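Student: pasting the sequence and the predicted model now:
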Amino acid sequence: MTGADFEVVVVGNAGIDTCVHLYGADVDWSVEANFTENVDYVGQAGGFTSRGYAQLGRRVAFVGTVGEDHCGRFVREELARDGVDTSALFVDPAGTSRSVNVMYRDGRRKNFYDGRGHMTLQPDRERCRSLLARTRLAHVHLPNWARTLLPIAKELGVTVACDLQDIVSADDPYRADFVQHADILFFSCVNHPDPAPLIREFLTGRPDRIVVVGLGARGCALGTRDGVRFFEPVPMEAPVVDTNGAGDSLAVGFLSSFILDGYPLERSIRRGQIAARHCCAERASTSHLITRARLDELDGPA
C-alpha cells in the first residue's frame, strides 16, 4: 500500500430511505388508507456509514452507485456537503436504490428494499484500486458488484471489514466471498437469538479475525481468539425512536476507534455502542449522526 489520503473507503449502496411513521400501533389492514408521516433522507448501509465516518471527522471516500435522477442528485449533494470523496460514485441505469421502512412507534421497522441494478453492475476497478491504495480501511457492504473489489483490497494490504447484515447461516453462498476476505465481520442477531454458534463458525480457521454482533436492546457480542464475550447495552436517557442505521453506527464507531485510533477492543466496543445508541435516538435522518466531540463526551475519560 502507498499513501493514506483516506482513512476509510466505504463500498456499498447508498440511496433514499422513505420512512413511513405510523401514528397507531400497527398498519390497519381493514381500511384502504392509513394516515402516516413519510420522511425521505439519504440512507442504506453505504449512506449511513459514509456519513457516519464524515460526522466523526474522518477522511472518507465512497464507492457506490446512484441513478441519473432526482434522488441521485440529492445523494451526491449530501455526500459532497459532508466532504465525502465521490470520485468512484458510478451510475446505475436502473436509477437510485430505494428503501421503504414502515416504522413502529417503539423504533422497530419493516424494510422493503429495491437495490435497482446492483446484481449486474460492474464498477471501474482501476479507479477503485486507486482509492483503495490510498486508505487504511475498506468498509464493505453487500451489493453484488462489491465482491469484485475484495481481492483488490486484500492484495493492497488494506484491512477489510464486511457487514453481513441479517445473515441466516454461515454457508450462505451469496455472502461467501465477503466472509472469506474479511478481517473483521459484523452481523445482526435478528435471525440468531444466540449468536455464539455463528460467531464460532466465523472464527474457525481464522483466529486473528474479529466478529462483532449487534444484539439490539440486549447489547453487543464480540468474538475473538479468546472466545465470545457479551456486553450490556450502554445506558442513555434519550428514548429509542428509530433503529435504522444502528448496526452501521455500531460498526463505524467500533472501526473508527479500534482501527483508526488504536483504542483497545473493549473500549472500541463501548464507543461503537454509544454511536449506535445515539443513532437510535435520532428520527429519520443521517444528517445528525454522532460527532467526534459528542462520542468522546459520552465515552468519558479512559
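Tutor: Looks like it came in fine.
Student: nearest residue to residue 286 other than its sequence neighbours?
Tutor: Distances taken as Cβ to Cβ, 6 or more residues apart in numbering put residue 51 closest to residue 286, at 4.5 Å, once the chain neighbours are dropped. All C-beta spots, glycine's among them, are computed from the backbone N, C-alpha and C.
Student: wasn't the one you found part of a helix?
Tutor: Yes: counting by DSSP: H, G, I helix; E, B strand; the rest coil, one finds residue 51 located in a helix.
Student: and it, what pLDDT?
Tutor: pLDDT, residue 51: 96.
Student: wait, it touches residue 81, no?
Tutor: No: applying Cβ atoms under 8 Å, one finds residue 51 not in contact with residue 81, separated by 9.7 Å.
Student: those two: which is more packed in?
Tutor: residue 51 (30 against 11; other Cβ atoms under 10 Å).
Student: how much space separates that one from residue 256?
Tutor: According to Cβ to Cβ, to the nearest Å, residue 51 stands 13 Å off from residue 256.
Student: do residue 21 as well
Tutor: 30 Å.
Student: what about these two, which has more around it?
Tutor: Comparing residue 21 with residue 256 by other Cβ under 10 Å, the one with more neighbours is residue 256, at 26 against 18.
Student: what's the spacing between stretch 224-234 and its chain's center?
Tutor: Mean C-alpha position of stretch 224-234 versus that of the full chain (Cα atoms, centre = their mean, to the nearest Å) differs by 20 Å.
Student: now do stretch 111-125
Tutor: Offset of stretch 111-125 from its chain centre (Cα atoms, centre = their mean): 16 Å.
Student: next SSE downstream of whatever helix or strand residue 252 lives in?
Tutor: Element membership for residue 252, per DSSP states H and E: helix 246-255. The helix or strand immediately downstream of helix 246-255 is helix 265-280, counting by DSSP H and E.
Student: buried residues in that next one?
Tutor: Neighbour counts over helix 265-280 (16 or more other Cβ atoms under 10 Å) mark 265, 268-280 as buried.
Student: what's the angle from it to helix 246-255?
Tutor: Calculated by axes from the mean of the first three to the mean of the last three Cα atoms, to 10 degrees, helix 265-280 forms an angle of 140 degrees with helix 246-255.
Student: helix 265-280 packs against which elements?
Tutor: Counting by 3 or more Cβ pairs under 8 Å, 6 or more residues apart in numbering; DSSP states H and E, the packing neighbours recorded for helix 265-280 are strand 210-214, strand 220-224, strand 227-231, helix 246-255, helix 292-299.
Student: ok, which of the ones you listed comes nearest residue 172?
Tutor: Ranking these by proximity to residue 172 (Cβ to Cβ) places strand 210-214 first, at 15.2 Å.
Student: partner strands of the closest one and their direction?
Tutor: Neighbouring strands of strand 210-214 in its sheet, by DSSP bridges, are strand 184-188 (parallel), strand 220-224 (antiparallel).
Student: who touches both of residue 51 and residue 256?
Tutor: The contact sets of residue 51 and residue 256 do not overlap (Cβ atoms under 8 Å, 6 or more residues apart in numbering).
Student: and the helices in the protein?
Tutor: 44-55, 70-82, 125-132, 150-155, 176-181, 196-203, 246-255, 265-280, 292-299 (DSSP state H).
Student: need those helices in CSV with distance to residue 109, can you?
Tutor: Formatted as CSV, these follow (distance: least, Cβ to Cβ, whole Å):
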stretch, distance to residue 109
helix 44-55, 13
helix 70-82, 20
helix 125-132, 31
helix 150-155, 29
helix 176-181, 23
helix 196-203, 23
helix 246-255, 10
helix 265-280, 11
helix 292-299, 24
